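K.L.:
please work out how this folds:
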Amino acid sequence: MMSNFLFVGNGPYLNRGCEAIVRGSAVVLRKFFDSPKFVSVNFDLGSGFYPQEVDPDITHIPVQLGFGSYTWFVRNIFRLFGTTWFPILEKQIPQSAAVLALGGDNYSLDYGRPELFLDLIDYTISRKCPYVIWGASVGPFAKLGPEYERYVLKKLKKATAIFVREDISFHYLVEHGLAETVRRVADPAFTMEPSPPQCLGFDIPEGAIGLNLSPLLAQYLPHGSSSGAYLSLIIACIEQILKQFGRPVILIPHVTVAHSNDYDLLNKVFDNFYRQGKPVYLLSSELPAQEIKWVIGKLTCFAGARTHSTIAALSSGVPTLSFAYSIKAKGINQDIFGHDEYTLDPHQITPETVTNSIGLLLKNEKEIRQTLSTSIPEVKERAFQAGAYLREILG
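P.N.:
Next up, the predicted model:
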């Protein structure tokens, strides 16, 4: 059986969540296929990639998708005639056992209408190659109206299979007539192994609390995304954490792409506390996903906005608060705990609510760690089940 797989739809490694998805997917596929090779067609929005891939079995092909790029021009010209064409995929599909759509939430409305990713289904299936939406959250689409929802669901039905990572997506698709092709798995990032940093720059203090906040989260706050107001809110939250718990705080950037850079935001926060000599640390922007996961695994608890920063924490057995601006966080928490008590909606974020939620993690730390020690192996097994399902599909 051919064991070459084409990854599409994923972003650059400067988004460590995208990196974690690739690393975890490789782990899963190696368990079920002999010596697989991976070509990752990365959808680059001008963000850049790490210059060297440490895994010799993974080859990257970045594709520019911005307005006026070659791919954008070709795709949109063909759409005028009711079809589509992705030149870079034309060469790769014949050498691939399947096309796996990575990216986690491309088939949702989190980043606008998913027209590009729907086109990928049509394009791949028209070339007689299996197309699998891999470990994703899917939908819902109703807020753009019933006609658009029917249009998207009709497109999704063309996919060979849809492997979803949480129950909310699974039930949504089953209820809308896709029971035959949808399978319940887990995010492949849960299987990524941590790796000690080659150069951390400081010793991790005992009892530290980790914190990831992103520019993206500001867009979901009730008073808009004013950078000054958001920065003040973050500083106030950390001041309250330091005052109430007396524990050091480590700021952890997880996405450092140019248009949404956690490090730039958190560096401003760090400067405020550094000048005051307070125990707040900032993780380097250069660490890859596996090394960040190692650091997170050493923390007492963690609070994160980026979904895959929280997956790194949860899969390391660390009590975690998720700032839940989409279905992903609530779905993953429901999956692991059976409730979403350890999530906080953006409109709820204040210094008091954040501190209270972290206090709940610390109070329930022993119980949470025990729950994670039982549930995370089950979640990882569901992630590996995606490989079993794929092998069954490919025969």
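
K.L.:
what are the ranges of the helices in this protein?
P.N.:
Along the chain, the stretches classed as helices by DSSP state H are 16-32, 70-79, 87-92, 115-126, 146-156, 167-175, 215-218, 227-245, 262-276, 289-296, 307-314, 327-337, 351-363, 365-394.

K.L.:
show me what the third one is packed against.
P.N.:
Applying 3 or more CB pairs under 8 Å, 6 or more residues apart in numbering; DSSP states H and E, one finds that helix 87-92 contacts strand 4-8, strand 37-44, strand 58-64, helix 70-79. Backbone N, C-alpha and C define where each C-beta goes, glycine included.

K.L.:
mean pLDDT lowest for which of the ones you listed?
P.N.:
Of all these, the segment with the smallest mean pLDDT is helix 70-79, scoring a mean of 60.

K.L.:
ok, and the closest non-adjacent residue to residue 132?
P.N.:
Leaving aside its chain neighbours, residue 132 sits nearest to residue 161 (4.8 Å; criterion: CB to CB, 6 or more residues apart in numbering).

K.L.:
show me what contacts the one you found?
P.N.:
By CB atoms under 8 Å, 6 or more residues apart in numbering, the contact list for residue 161 reads 130, 132, 133, 181, 182, 183, 389, 390, 393.

K.L.:
out of those, which two sit at the greatest distance?
P.N.:
Spatial extent of the contacts of residue 161 (CB to CB) is set by the pair 130 and 182 at 15.1 Å.

K.L.:
more neighbours: these two, which one.
P.N.:
It is residue 182, of residue 130 and residue 182, that has more neighbours when counted by other CB atoms under 10 Å, with 23 against 17.

K.L.:
can you report phi and psi for residue 127?
P.N.:
The phi/psi pair for residue 127 (degrees, to the nearest 10) reads phi -100, psi 20.

K.L.:
list the contacts of it.
P.N.:
93, 94.

K.L.:
for residue 141, which non-adjacent residue is closest in space?
P.N.:
Nearest residue to residue 141, sequence neighbours excluded (CB to CB, 6+ apart): residue 149, at 4.3 Å.

K.L.:
touching, that neighbour and residue 113? I think so.
P.N.:
No. Residue 149 lies out of contact with residue 113 (CB atoms under 8 Å); the separation is 11.6 Å.

K.L.:
pick out whichever of these two has more residues nearby.
P.N.:
Comparing residue 149 with residue 113 by other CB under 10 Å, the one with more neighbours is residue 149, at 16 against 12.

K.L.:
from residue 159, how far out is the closest residue to residue 103 other than its chain neighbours?
P.N.:
Setting aside the residues directly before and after it, residue 103 is nearest to residue 9 in space (CB to CB, 6+ apart), at 4.1 Å. Counting by CB to CB, to the nearest Å, the gap from residue 9 to residue 159 is 12 Å.

K.L.:
repeat that for residue 351.
P.N.:
Residue 351 is 44 Å from residue 159, by CB to CB.

K.L.:
these two: which has the busier surroundings?
P.N.:
residue 159 (25 against 18).

K.L.:
who are the contact partners of that one?
P.N.:
Residue 159 touches 121, 125, 131, 132, 133, 181, counting by CB under 8 Å, 6+ apart.

K.L.:
try it again at 7 Å.
P.N.:
By CB atoms under 7 Å, 6 or more residues apart in numbering, the contact set of residue 159 is 121, 131, 132, 133, 181.

K.L.:
out of those, which sit inside strands?
P.N.:
Counted as lying in strands by DSSP state E, out of these, are 131, 132, 133.

K.L.:
please name the bridge partners of the last one.
P.N.:
The reference is to residue 133. residue 101, residue 162 (DSSP bridges).

K.L.:
would you check that it makes contact with residue 162?
P.N.:
Yes. With contacts counted by CB atoms under 7 Å, residue 133 reaches residue 162, the gap being 4.5 Å.

K.L.:
the two - which one has more neighbours?
P.N.:
More crowded of residue 133 and residue 162, by other CB under 10 Å: residue 133, with 30 against 23.

K.L.:
report pLDDT for the more buried one.
P.N.:
We have a pLDDT of 98 for residue 133.

K.L.:
and the one 10 residues further on, by the same measure?
P.N.:
We have a pLDDT of 94 for residue 143.

K.L.:
and the closest residue to it other than its chain neighbours, what pLDDT?
P.N.:
Closest residue in space to residue 143, ignoring its immediate chain neighbours: residue 109 at 6.8 Å, by CB to CB, 6+ apart. Here the pLDDT value assigned to residue 109 is 91.

K.L.:
for residue 109, give me its contacts.
P.N.:
Applying CB under 7 Å, 6+ apart, the residues contacting residue 109 are 141, 143, 144.

K.L.:
what separates the first one from residue 153, distance-wise?
P.N.:
This means residue 141. 7 Å.

K.L.:
quick one, which of those two is more surrounded?
P.N.:
residue 141 (22 against 17).

K.L.:
ok, now which ones touch residue 8?
P.N.:
With contacts defined as CB under 7 Å, 6+ apart, residue 8 is in contact with 41, 99, 101, 120.

K.L.:
out of these, which is nearest to residue 166?
P.N.:
Nearest member of these to residue 166, counting by CB to CB, is residue 101, at 16.5 Å.

K.L.:
my guess is that closest one contacts residue 7. True?
P.N.:
No. Counting by CB under 7 Å, residue 101 stays clear of residue 7, with 8.2 Å between them.

K.L.:
any low-confidence regions in the stretch 1-150 of the chain?
P.N.:
Scanning the stretch 1-150 of the chain for pLDDT under 70 picks out 1-2, 44-52, 64-85.

K.L.:
can you do 80?
P.N.:
Residues of the stretch 1-150 of the chain meeting the criterion pLDDT under 80: 1-2, 43-52, 62-88.
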